[in-house]
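A.B. asks: Sequence first, predicted model second:
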Amino acid sequence: MKYLLPIIVIGTLTLAGCANTSTMGGNVYRGNQAQTSQTVTFGTITALRQVQIQADSRAGGALGTGGGAVIGGLLGNQVGGGSGRQLATVAGALGGAVAGSRIEESANRTRAWEMEIRRDDGMNVVVVQKADQAFQVGQRVRLIGSGGNLSVAPY
């Protein structure tokens, strides 16, 4: 029972630090894109590769690292006595920080498509977006937006 609280705390801290990856898909618009004119071009997917997008943490990784260190230190403090307990606490805090950081990093990773598209005007472009829909080589698509705000949608 005494280990349940630390597990709940680390889980909550880790989830609280997760990045919002929903905006990386082709079906989601940001608020500043609503009611704005966007260009539409057409093309054909010539190459498709599954990749991952590593989103930035809202808290800069502090929640995973800090939460892991606290939980690791609490767990390490349960071991031994005297100077052995102090060493176990420090080792637990360090190990917890590393583990918490990796957990948070993993939670902030999302599957994505890297799509090479030959536009109808002959220009090739590459767009990376969340894999929230199926695409295949040879598929006709619409490219919506311009510059840094370009998404791909089925035609």
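C.D. replies: Here it is on my side, so go on. Numbers count the residues shown, from 1 in each chain.
A.B. asks: going forward, measure contacts and count neighbours with C-alpha atoms only.
C.D. replies: Will do.
A.B. asks: what are the ranges of the helices in this structure?
C.D. replies: Using DSSP state H, the helices found in the chain span residues 4-16, 62-76, 83-107.
A.B. asks: What's the mean pLDDT across the longest one?
C.D. replies: Averaging pLDDT along helix 83-107 gives 66.
A.B. asks: got it, and the first one?
C.D. replies: If you average the pLDDT over helix 4-16, you get 53.
A.B. asks: Which segments of this structure make up each domain?
C.D. replies: Taking automatic domain parsing as the domain assignment, the record places the domains of the chain at 1-21+59-108, 37-52+111-155.
A.B. asks: Between the two ends of the last one, what distance do you get?
C.D. replies: Think domain 37-52+111-155. Start-to-end span of domain 37-52+111-155 (C-alpha to C-alpha, to the nearest Å) is 19 Å.
A.B. asks: Next: stretch 119-131.
C.D. replies: Stretch 119-131 has an end-to-end distance of 21 Å (criterion: C-alpha to C-alpha).
A.B. asks: buried stuff in that stretch?
C.D. replies: Of the residues in stretch 119-131, those with enough neighbours to count as buried (16 or more other C-alpha atoms under 10 Å) are 119, 127-131.
A.B. asks: Quick check: which ranges of the protein have low pLDDT?
C.D. replies: Low-confidence segments of the chain, defined by pLDDT under 70, span residues 1-36, 56-70, 72-74, 76-77, 80-81, 85, 89-90, 92-93, 96-108.
A.B. asks: what about 50?
C.D. replies: The chain contains residues with pLDDT under 50 at 1, 15-17, 20-21, 35.
A.B. asks: Longest strand in it, by number of residues?
C.D. replies: Counting residues, the longest strand found in the chain (DSSP state E) is strand 40-54.
A.B. asks: What residues of that one count as buried?
C.D. replies: Per 16+ other C-alpha under 10 Å, strand 40-54 contains these buried residues: 42-46, 48, 51-54.
A.B. asks: Within the sheet, what are the partner strands of that strand, with directions?
C.D. replies: Strands that pair with strand 40-54, judged by DSSP bridges, come out as strand 109-119 (antiparallel), strand 140-146 (antiparallel).
A.B. asks: Same list (the buried residues of strand 40-54) but as a markdown table, adding distance to Gln86.
C.D. replies: Putting the buried residues of strand 40-54 into a markdown table (distance: C-alpha to C-alpha, whole Å) gives the following:
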| residue | distance to Gln86 |
| --- | --- |
| Phe42 | 64 |
| Gly43 | 63 |
| Thr44 | 62 |
| Ile45 | 59 |
| Thr46 | 59 |
| Leu48 | 53 |
| Val51 | 43 |
| Gln52 | 40 |
| Ile53 | 39 |
| Gln54 | 36 |
